[in-house]
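Q: The following comprises the amino acid sequence and a computationally predicted model.
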Amino acid sequence: MEMSYKKIDLNEWSRGKLFKSYIDNMRIVMSLTVEIDVTNLIEFSKRNNLKYYPSMIWVVSKAVNAHDEFKYSWNDTGELIKWDFISPSYTEFHKEDENFTKLVTEFSDDIFEFSERFMINKEKHEADRAFVENQPLNFFDVSCLPWVKYSHFDVHVFDEGKFLAPVITWGKYEMLHGRYIMPLTMNIHHAVADGFHLCRFFNEVQELIDSLD
């Protein structure tokens, strides 16, 4: 899929004045953690011989790509842009040496196609211990902490305070009252999104998981 974008005119964009106020005066990143019921995703993945990790990456990728607020970035000349779609940039942990590989797998609206791309990418870079070179610019960040069920998690991006893409993390799922419950976190720049958009993301992630059959 071709990587393309639209330039944003702040004077024409309905959020232009809000965006400019945050970027110029108050560069805030919001972080929210919500407990998600992933029981149906676990069962769906098992029934269809899918790995849970790429399945969950697909779920958040689909929810992110459903809304414009998560697809803003900057081009190489510093102009604000909105990508047509964004793909997950995720960590692949290597237990044997406690290092990781950072990969991007192109998003697909189909969970089976995405999972196949994920597995091919994983195998191709199994020996790498780095951020794989020549990765696309239309990405958002994903990571997983499967060793602990946390109540809050925050990531600080030390740039100029202008990183606009979502940063999504989840932790260990555990059984609670017969259901598998997992913490899910999103960090997002307030210039492009508000609490409403954050909450909608979590609600739609849950709805998407529940709809899988």
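A: On my side now, so go ahead.

Q: need the helices for the protein, in chain order.
A: For the chain, applying DSSP state H gives helices covering 16-25, 39-47, 52-65, 111-124, 195-211.

Q: out of these, nearest to Tyr180?
A: Closest to Tyr180 of these, according to CB to CB: helix 39-47, at 4.6 Å. All C-beta spots, glycine's among them, are computed from the backbone N, C-alpha and C.

Q: Tell me which other helices or strands that closest one touches.
A: Using 3 or more CB pairs under 8 Å, 6 or more residues apart in numbering; DSSP states H and E, the elements in contact with helix 39-47 are helix 52-65, strand 179-189, helix 195-211.

Q: Excluding its own residues, what touches stretch 192-200? List them.
A: 15, 19, 30, 32, 67, 69-70, 72, 164, 186, 188 (CB atoms under 8 Å, 6 or more residues apart in numbering).

Q: Please apply the same query to stretch 45-56.
A: For stretch 45-56, contacts defined as CB under 8 Å, 6+ apart pick out 38, 41-42, 44, 105, 111-112, 114-115, 118-119, 144, 170.

Q: among these, which ones are buried?
A: 38, 41-42, 44, 105, 111, 114-115, 118, 144, 170 (16 or more other CB atoms under 10 Å).

Q: hmm, back to that, for the contacts of stretch 45-56, give me JSON lines that also has distance to Thr77.
A: Shown next, in JSON lines, are the contacts of stretch 45-56 (distance: CB to CB, whole Å):
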{"residue": "Val38", "distance to Thr77": "41"}
{"residue": "Leu41", "distance to Thr77": "40"}
{"residue": "Ile42", "distance to Thr77": "45"}
{"residue": "Phe44", "distance to Thr77": "43"}
{"residue": "Thr105", "distance to Thr77": "28"}
{"residue": "Ile111", "distance to Thr77": "36"}
{"residue": "Phe112", "distance to Thr77": "38"}
{"residue": "Phe114", "distance to Thr77": "32"}
{"residue": "Ser115", "distance to Thr77": "36"}
{"residue": "Phe118", "distance to Thr77": "33"}
{"residue": "Met119", "distance to Thr77": "37"}
{"residue": "Cys144", "distance to Thr77": "34"}
{"residue": "Trp170", "distance to Thr77": "35"}
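
Q: Which of those residues sits closest to Glu96?
A: Checking these against Glu96 by CB to CB gives Cys144 as the nearest, at 17.6 Å.

Q: quick one: pLDDT of the residue nearest to the closest one when sequence neighbours are not counted?
A: In space, and not counting its chain neighbours, Cys144 is closest to Trp170: 5.6 Å by CB to CB, 6 or more residues apart in numbering. Trp170 is assigned a pLDDT of 98 by the prediction.

Q: Met1 now?
A: 57.

Q: Repeat that for Val155.
A: 84.

Q: Ok, Met30 next?
A: At Met30, pLDDT is 96.

Q: again, but for Asn65
A: Predicted confidence (pLDDT) for Asn65: 99.

Q: Report the separation between it and Asp159.
A: 23 Å (CB to CB, to the nearest Å).

Q: The two: who's more crowded?
A: Comparing Asn65 with Asp159 by other CB atoms under 10 Å, the one with more neighbours is Asn65, at 19 against 8.
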